[in-house]
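K.L.:
The amino acid sequence is not available; the structure is as follows:
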């Protein structure tokens, strides 16, 4: 079955960088678009960004554009989120999620990982 | 402030029906499919409804979705205690070129 396992979360100071990883299994990773979605403590879901199966298309939320970068390594079935210039308001649980189907330009969100907590604090 | 608008809470007694609404605009719900996600306490979200009204395998038929114009709704019939959770609507937004979520509706089983 589909499994998504995030890692790399932790406590980081404001202004510093952190890279999250998401290891995928149970499906053909190289054919699916992948998302990052975050949830601040006690708050709702906020979409962060999406990457197409071949990295040809990437879209980001305005709140992270220019600071966060999504990439993937299809040879390792792994998704990444590089987060730079971190702010206190980036504190959240970060989930990776796979698109429900392939071959779509709107990347519908299907299965989710369990999330990894990022805390930005001095 | 979420792009999609949901009422923050809803409640009903076991066996009753509860309906959650989600309001958007022409650039999101009005021109794209709506998805619903269920988040049980302390867990990751789970896909509940896709393409407005379709249920993934394993989701009980007590859950149903609909869409009309720039609004959508999720109905839970025969409410059970295990349905107590947060529910989020979502859609692709053509103007933003990204996904937008509702603020979430907390369903309480009285």
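P.N.:
Cool, got the structure. Because the structure is a prediction, the values reported are computed rather than measured.

K.L.:
who does the helix or strand of chain A with the lowest mean pLDDT pair up with?
P.N.:
Across the helices and strands of chain A, mean confidence by mean pLDDT, DSSP states H and E is lowest for strand A:109-112: a mean of 95. With DSSP bridges as the test, strand A:109-112 is paired with strand A:92-99 (antiparallel).

K.L.:
any idea how far the strand it pairs with is from the chain center?
P.N.:
On the basis of C-alpha atoms, centre = their mean, to the nearest Å, strand A:92-99 sits 5 Å off its chain's mean C-alpha point.

K.L.:
which outside residues touch it?
P.N.:
Contacts to strand A:92-99, defined as C-beta atoms under 8 Å, 6 or more residues apart in numbering or on different chains, come from residues A:2, A:4, A:6, A:9, A:20, A:22, A:24, A:27, A:32-41, A:43, A:46, A:48, A:50, A:79, A:81, A:107-118, B:44-45. Where C-beta positions appear, they are placed from N, C-alpha and C, glycine not excepted.

K.L.:
Swap in 6 Å and give it another go.
P.N.:
With C-beta atoms under 6 Å, 6 or more residues apart in numbering or on different chains as the test, strand A:92-99 has contacts from A:4, A:6, A:20, A:22, A:32-40, A:79, A:107-113, A:115-118, B:44.

K.L.:
what residues are up against the closest residue to residue A:34 other than its chain neighbours?
P.N.:
The shortest distance from residue A:34 to any non-neighbouring residue, by C-beta to C-beta, 6 or more residues apart in numbering or on different chains, is to residue A:79 (4.7 Å). By C-beta under 6 Å, 6+ apart, the residues touching residue A:79 are A:22, A:34, A:72, A:96.

K.L.:
Can you tell me which of those residues comes closest to chain B?
P.N.:
residue A:96 (10.0 Å; C-beta to the nearest C-beta).

K.L.:
Could you check how far the residue nearest to the closest one when sequence neighbours are not counted is from residue A:121?
P.N.:
Using C-beta to C-beta, 6+ apart and skipping residues adjacent in sequence, the residue nearest residue A:96 is residue A:22, 3.5 Å away. As defined by C-beta to C-beta, to the nearest Å, residue A:22 lies at a distance of 23 Å from residue A:121.

K.L.:
Show the residue spans covered by the helices in the chain.
P.N.:
In the absence of a named chain, this looks at chain A. For chain A, helices defined by DSSP state H do not occur.

K.L.:
which stretches of chain B form strands?
P.N.:
Secondary structure of chain B (DSSP state E): strands located at B:5-6, B:9-12, B:18-23, B:34-39, B:46-49, B:63-68, B:71-76, B:85-93, B:98-101, B:105-109.

K.L.:
near chain B, which residues of chain A?
P.N.:
Residues of chain A lying close to chain B (C-beta under 6 Å from any C-beta of the partner chain) are A:44-45, A:47, A:59, A:61, A:95, A:106, A:110, A:112, A:114-115.

K.L.:
Go ahead and confirm residue A:114 touches residue B:44.
P.N.:
Yes. With contact defined as C-beta atoms under 6 Å, residue A:114 reaches residue B:44; the gap is 5.2 Å.
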